[in-house]
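> What shape does this take:
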Amino acid sequence: MILRIPHVLCADQVADVRSRLQTASWVDGRVTAGEQSRLAKANLQLAEDDPLARGLGAEVLQALAGNRRFMSAALPLRIFPPLFSLYCDGMGFSDHVDNAIRRPPHGGPPCRTDLSATLFLSDPDAYDGGELCFREGLEERRVRLPAGDLVLYPATTVHRVTPVTRGVRLAGVFWVQSLVAETGRRDLLFELDSAVADVRRDLGDAHSAAVRLVGIYHNLVRGWAQT
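Numbers count the residues shown, from 1 in each chain. Sure, this is the predicted structure:
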């Protein structure tokens with residue numbers, strides 16, 4: 001499932017992030033790329049140990065923790081902190097699949113990348129090109145979202161960023177190790193959780209149907225979760 005999650009950051013938060021990134025020290029984005037991705041990647045990013053990157057990353061993680069749609073869709077066990085990237089002047093990232101394992105730069109357990117996420121930080125009219133493209137069977141899906149919105153997708157997906165031909169594209173990219181590793185099960189739980197929310201809203205939490213559906217949801221999570 002390729003899922004849009006709107007308003008992860010509000011307009012004031014986005015403006016604050018962009019203001020702070022104006023004075024950032026950018027490095028070659030290939031420093032965090034795998035062997036194949038290094039050949040495909042042409043962008044700039046904040047170094048992982050840059051205090052600005054760590055501070056902004058903590059703010060994004062705090063926002064995600066309060067976003068019900070993200071938590072329902074991702075069921076996160078572990079989130080690899082965001083990498084903040086900049087694309088301009090023909091920079092892009094050709095077809096690739098994200099690395100299966102990410103290791104935190106400052107120690108801690110490795111993160112299996114079940115899900116990838118891109119948080120858009122530039123408004124769509126601030127740049128041309130820079131579309132995030134996914135292969136879906138024989139077709140291609142192109143994504144350009146408003147600043148503050150996020151797209152969440154399986155890390156197994158072949159994807160690319162088209163070259164930027166005008167302006168600057170800023171984004172935060174991160175990865176999620178989910179409690180439920182299998183994509184089909186995770187998508188089913190998201191749909192069930194969404195349906196449960198509708199039933200609770202329409203019938204009330206005390207209705208027997210709501211009680212049963214909540215129980216089914218949690219029993220499935222209990223059976224499928226890996227901790």
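> Give me the nearest residue to the residue nearest the centre of the chain, chain neighbours excluded.
Nearest to the mean C-alpha position of the chain, by Cα atoms, centre = their mean, lies residue 117 at 1.6 Å. Closest residue to residue 117 apart from its sequence neighbours, by Cβ to Cβ, 6 or more residues apart in numbering: residue 152 at 4.9 Å. Just so you know, the C-beta spots here come from the backbone N, C-alpha and C atoms, and that holds for glycine as well.
> The one you found falls within a helix, correct?
No. The assignment for residue 152 (DSSP: H, G, I helix; E, B strand; the rest coil) gives strand, which keeps it out of a helix.
> Give the next helix or strand downstream of the lowest-mean-pLDDT helix or strand in the chain.
Counting by mean pLDDT, DSSP states H and E, the weakest-scoring helix or strand in the chain turns out to be helix 35-40, with a mean of 65. As assigned by DSSP states H and E, the chain's next helix or strand after helix 35-40 is strand 41-42.
> Now that following strand: average pLDDT?
Strand 41-42 comes out with an average pLDDT of 88.
> partners of that strand, with directions?
strand 92-96 (antiparallel) (DSSP bridges).
> Tell me the helix or strand right after the partner strand.
In N-to-C order, the element after strand 92-96 by DSSP H and E is strand 101-102.
> Show me what that following strand is packed against.
Judged by 3 or more Cβ pairs under 8 Å, 6 or more residues apart in numbering; DSSP states H and E, the packing partners of strand 101-102 are strand 111-112.
> mind redoing it with 10 Å?
If you count contacts as 3 or more Cβ pairs under 10 Å, 6 or more residues apart in numbering; DSSP states H and E, strand 101-102 packs onto strand 76-88, strand 111-112, strand 166-178.
> Report the contact partners of residue 123.
The contact partners of residue 123, taken as Cβ atoms under 10 Å, 6 or more residues apart in numbering, are 14, 18, 144-148, 167, 170.
> can you do 8 Å?
Shown in contact with residue 123 (Cβ atoms under 8 Å, 6 or more residues apart in numbering): 146-147.
> Ramachandran angles for it?
Backbone geometry at residue 123, expressed as degrees, to the nearest 10, gives phi -70, psi 150.
> swap in residue 22?
With angles defined as degrees, to the nearest 10, residue 22 sits at phi -60, psi -30.
> For residue 127, see how far away it is.
15 Å (Cβ to Cβ, to the nearest Å).
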